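Undergrad: Have a look at this prediction, sequence included:
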Amino acid sequence: MLTEALAALAGAGGTAVVQAAGTDAWGAFRDRLAAFFGRSGERSARTTLERLDRTAGELTTGS
C-alpha cells in the first residue's frame, strides 16, 4: 500500500514539473522545490536547482 502511494506521489510531482516548465510559474515553482529538497543545506538546494533547470531545458527544447 505504501509503495503505491509513493508511486502516485512521484507521478504527481513529475507531472507538476512537466506542466510548470516553460511557463510563467516556473521560477516560483523551482524555487519552492529547491527549498523543499534542499533542506539539508545550500549545496543540496543548488544541486536541486541545477537538476530542475536541466530538466526544464530538456522539456522546453524537446531534447
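TA: Done, it's in.
Undergrad: for stretch 45-63, what is the average pLDDT?
TA: The average pLDDT for stretch 45-63 rounds to 86.
Undergrad: just stretch 3-13 next, same as before
TA: What stretch 3-13 shows for mean pLDDT is 92.
Undergrad: Residues contacting it, please?
TA: By Cβ atoms under 8 Å, 6 or more residues apart in numbering, no residue outside stretch 3-13 reaches it. No exception for glycine: its C-beta is placed from N, CA and C like everyone else's.
Undergrad: now the helices for the protein?
TA: Here the chain has its helices, by DSSP state H, at 2-20, 26-37, 42-61.
Undergrad: Which residue is the nearest non-sequential neighbour of Gly38?
TA: Closest residue in space to Gly38, ignoring its immediate chain neighbours: Ala45 at 2.6 Å, by Cβ to Cβ, 6 or more residues apart in numbering.
Undergrad: which residues sit in contact with that neighbour?
TA: 34-35, 37-38.
Undergrad: Run a quick neighbour tally on Thr48.
TA: By other Cβ atoms under 10 Å, 18 other residues sit near Thr48.
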